[in-house]
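Enquirer: Sharing a model prediction with you, sequence too.
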Amino acid sequence: MAGIAELAWRQAWDDVQKRLRQSPPVDVNEPFFGKSALHWAAYHGVDAVVAALAHVPTIDIDARDIENACTALHWAVLKASPAAVDALLVAGANVHATTTDGQTPLQMAIAIQAHTIAERLERAMATTAGAQSLFCTCQRIGARLSFIRSGDVAKVHTWLANDYADMDARDANDKTPLMLAATGGHHTIVELLLARDPDVDATDAMGRTALMHAALAGHPTIVDMLLGHFADIDTLDNEGRSVVELVQQALAEKGLSATEHARFDRCLSTLRKEIQYRETSAAYRMKIRSTILHRMEHGFDAAVFKMAVQCDPALARWCLNHALVIDRHSLGVAELDKIYGTRGIKKSALYTLLHVKDEDDRFHAKRLCLDHVVMRRVLHVKWELFGQRMFIERVLMYFLLVTSMTISSTLDIRDEEAATTITIFSVVNWAVVNTCLILGWLGAQALRPSVLYFVDGRLSPYDGLVHVSDAEKRKAKWIILGLTAAAALAVCIPFSWYLVDNVTGGWTPIFTRINLVQLWSTAAYFLYVEYREFVGDTYTDPIVVEGQKPTAAHSWKSSSYFSSVVNWWRLAVYLVIVCAYVPWELGLFGVGVPMEWHFCLGTTLSLSLWVLSLEFLQVYPTTGYLIPMIKGLLVDVGNFILLYGVLQWGLSCAFLHIVKPNPDESGLETWLRSFSFAYFALFGEFRLDQNFKTDNVVLFGYYRFLAQVQAAIASVLLLNMLIAMMNRRVMEGLDRAKIEALASYAKCILRLEMTMSPATQRDVMHLYDAEGQFCLNPIFHAAVTKSAARLSPEDIQTIDTMKTHQLSWRRVLESLQSLLLEQYAAWQQEATTDAHRAALETSEQQLLTQFSLYMNKPNVNLLSAPNLLAQLATALEQHVSATIGPWLAPHIPYLQTHVWPEFRAKGAQLAAHARETLNHDAQSALHGPVLAHDLRATEVRYQKLLEAHQAAFTEQLVAQRQTFETQLAEMERRLAALILAQRLS
């Protein structure tokens, strides 16, 4: 007879209800394929059955499934079933139970935008404190955890004895148990908690970790314990202060006793020693590497990715590798939203890669990770969702600023003749740019994701069942571009014709003031953009409150905005325009602008804006790689200036005595003319007869010889040396420049993203459906064809490696499946009744279904193979025991000693193979890009490993077949002997 869990799995809900009314009562907690009947009911969203099961007195309301450690409440939340959630909460379900990846029901509700359910969960958490027993109370997110504050070790032992104790639970002040124990100085409790592998780098509402709390409380021993578990020293709180800065600030406070001062001093000394140790210790890197490998088993984690980038970028590349979902003709990315960044910009993978401290490590991380197919997909998604629209808006506004500045610097109302000549061109140019800005801005709004999803031909809210392909989106973009360009031409051509015929010199004063007002407005707009970028770099983790837009605290000191020289330059130009140039030109200072100041300052600002516009070329692959090379070339030019500057200065002083002075020149002006002669002589501009004034043949000959020496040294030697240096840098830095070009493109997108508020960042990732609910943009789940992904040789090698891993995984499962099927075949021969044979056939089909689910996993991290195969073995063992165990009791010990351990052994073998591959990839990464012979060697190596695995599996299957044939022959011999004995008797 099928159990109640099996009936729920089959969705036979009427039979489930009948079983619940039977007497004696059935075992409602028995699992089937790792889930109880309550799990299956919540999984399928059957509210009535969930409510009926939840009221059974013997139900384990917080039972976990085997695969993900989800409770029924988790499944009810994922199915967005408020009725089921209410029934489970009334039955006392644990509202803060966590899955294997640390997700609580509330976090899941927020992730899927189930606002009503999230609100009910929050109310449930607010009413549970003090209402349950000790360990149940401590399981609530809103629990007081007072026994940890008071240091009650006995109660902590009682709490930890509960299997569902949550190490990352929060009290009313958003502090975890580890933070409370560290603050209170409870060494024993800290040791007990650390043994349960909590998140040592979790932060509270102030952005402070347990290490910060221990240091600020003056507990050096606990600080040392936390550092021993690799607590992050570089984490910044909401005020942008690290743990070292916090301790230094505490030491600077007055009124500290000698004991307190000594404790803080010990904490600071411990932290500094740890910093030195971590910078130079290979053992520390190995420990961090081991920790990362352990935490990588549970899928992508932004914190683990950051640790991997800082420790070994090859590990970070491994994280990205296992996010790939490889099909025959397409590539997908699992958990793309996590890699994209759902916890704020500064916690995103892209920000981590672009803000590595050491320059050499930064390039290494960019080469291995930023150029990875997954990160390129992330950049494409960001460009699709907001980048292209914001970039077009920014370009249009910037060229309006440049146009206004250029017109202002060239127009001078005091020169009527020149003004009449230039005004017509300036007015027409100004009008065309403004028209294109307005139409282009409107066209860019059509690039919003919600608008692009109207290309299915229906002006209706987003429908997830309607698929909009990339080809349709591209077609829509071309249509938008064509319509915008046609509208611009239709307006600009007749408008320009009209202006050419009607603009006169009398327009100049009014037009100049209008242009200055527009110049001030656009410069103020870009000042606001720079402010938004600075503020965006100060955001910490977004705070999500039900019914409100996401907000985030600011960490002002953590911003890296002012570390960029270009940012200072850009900011200075905008400030000069807003605060000095435009008010001065408008006469607001009460002082007229001299003509020379007008042209010099205006031209300088205009040239600065034109040079800064080169940043917009970062998004174009054909020119983007040249921009990063300019920095290196400028270094060469700077070195040349330092070398030639000494000669230039000396020659300027030497030529001072022979350069022709003007009658009214001062000594300084003569020296400047001498300096100009010496400088232009570098480029072959001598004209000695025009520049030298002397009747002394000896002096003229001497200075002529000196000019020849300058030409030989400077023009021939130094300039050619500069060209050779620059040529060498270009040739050597071309490959590096291509990576830096991708980094420049990524920085451009990141700058655009940092100008958005947390609420806007959330909005661009989601679409509104017909019911007005947020749903994740389907681009996060869409796959791309391999041809469209533009795979590099390294990407192809990565895909081949992942295919090898998938093949190894399937072959291991096939061997284990064959092992069990042979057991079933032997049991079929031993079966004596039709009922037994039917039960075996049913059980065998269910077993094959379970194996098929594991074989067809879209992506498998072989580091987690031991856990996955252990889960599979546990589920199959429970299945066999529950379905056919009573008939096969004599064979159960054999399964426990020979079959189920084989699952764990194979899992360990796969994990060891994955670690070996990872170590090999890390060693290859240390020696630059993978060459062709490395690819061939790796391919041969993998092929040999596959052949070895296949040979081992074949040998094992042959040995098992021989064993079973021997056993079968022995059974036949005994049966024949028994039949013969019966006949003789």
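Expert: That came in fine, so what should we check first?

Enquirer: which residues of the stretch 101-250 of the chain fall in helices?
Expert: Taking DSSP state H, counting those that start in this stretch to define them, one finds helices in the stretch 101-250 of the chain at 105-111, 115-126, 134-138, 146-149, 153-161, 177-184, 187-194, 210-216, 220-228, 243-252.

Enquirer: Out of those helices, which gets the lowest mean score?
Expert: Set side by side, those give their lowest mean pLDDT on helix 134-138, at a mean of 40.

Enquirer: Now do the SS call for residue 768.
Expert: Each residue gets one of three states, and residue 768 gets strand by DSSP: H, G, I helix; E, B strand; the rest coil.

Enquirer: Let me fix that, I meant to ask about residue 356.
Expert: Assignment for residue 356 (three-state DSSP): coil.

Enquirer: And it, how close does it get to residue 273?
Expert: When distances are taken as CB to CB, to the nearest Å, residue 356 and residue 273 turn out to be 24 Å apart. Any C-beta I mention is one placed from the backbone N, CA and C, and that applies to glycine too.

Enquirer: Looking at those two, which one has more neighbours?
Expert: residue 356 (19 against 12; other CB atoms under 10 Å).

Enquirer: For the residue lying closest to that one once chain neighbours are set aside, give its distance to residue 352.
Expert: Computed as CB to CB, 6 or more residues apart in numbering, the closest residue to residue 356 that is not its neighbour in sequence is residue 362, at 3.9 Å. For residue 362, the distance to residue 352 (CB to CB) stands at 11 Å.

Enquirer: Residue 674: neighbouring residues, count only.
Expert: One way to gauge burial is a neighbour count; for residue 674, by other CB under 10 Å, it gives 21.

Enquirer: what about residue 362 and residue 352, which has more around it?
Expert: In terms of neighbours (other CB under 10 Å), residue 352 is the more surrounded of residue 362 and residue 352; the figures are 22 against 18.

Enquirer: I'd say that one and residue 306 touch.
Expert: Yes: between residue 352 and residue 306 there is a contact at 4.8 Å, judged by CB atoms under 8 Å.

Enquirer: Domains in this structure, by residue range?
Expert: The record, using automatic domain parsing to delimit domains, assigns the chain the ranges 1-127, 626-732, 793-984.

Enquirer: Residue 323: which of these is closest?
Expert: When the domains of the chain are ranked by distance to residue 323, counting by CB to CB, first place goes to domain 793-984 at 7.1 Å.

Enquirer: will you turn the helices of the stretch 101-250 of the chain into JSON lines that also has mean neighbour count and distance to residue 816?
Expert: JSON lines is the format used below for the helices of the stretch 101-250 of the chain (neighbours: other CB atoms under 10 Å; distance: least, CB to CB, whole Å):
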{"stretch": "helix 105-111", "mean neighbour count": "22", "distance to residue 816": "32"}
{"stretch": "helix 115-126", "mean neighbour count": "18", "distance to residue 816": "39"}
{"stretch": "helix 134-138", "mean neighbour count": "19", "distance to residue 816": "38"}
{"stretch": "helix 146-149", "mean neighbour count": "20", "distance to residue 816": "44"}
{"stretch": "helix 153-161", "mean neighbour count": "15", "distance to residue 816": "35"}
{"stretch": "helix 177-184", "mean neighbour count": "26", "distance to residue 816": "39"}
{"stretch": "helix 187-194", "mean neighbour count": "19", "distance to residue 816": "36"}
{"stretch": "helix 210-216", "mean neighbour count": "27", "distance to residue 816": "42"}
{"stretch": "helix 220-228", "mean neighbour count": "21", "distance to residue 816": "39"}
{"stretch": "helix 243-252", "mean neighbour count": "18", "distance to residue 816": "48"}
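
Enquirer: Switch the ones you listed over to JSON lines; also include distance to residue 856.
Expert: As requested, the helices of the stretch 101-250 of the chain are arranged in JSON lines below (distance: least, CB to CB, whole Å):
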{"stretch": "helix 105-111", "distance to residue 856": "24"}
{"stretch": "helix 115-126", "distance to residue 856": "31"}
{"stretch": "helix 134-138", "distance to residue 856": "39"}
{"stretch": "helix 146-149", "distance to residue 856": "44"}
{"stretch": "helix 153-161", "distance to residue 856": "38"}
{"stretch": "helix 177-184", "distance to residue 856": "39"}
{"stretch": "helix 187-194", "distance to residue 856": "38"}
{"stretch": "helix 210-216", "distance to residue 856": "41"}
{"stretch": "helix 220-228", "distance to residue 856": "42"}
{"stretch": "helix 243-252", "distance to residue 856": "46"}
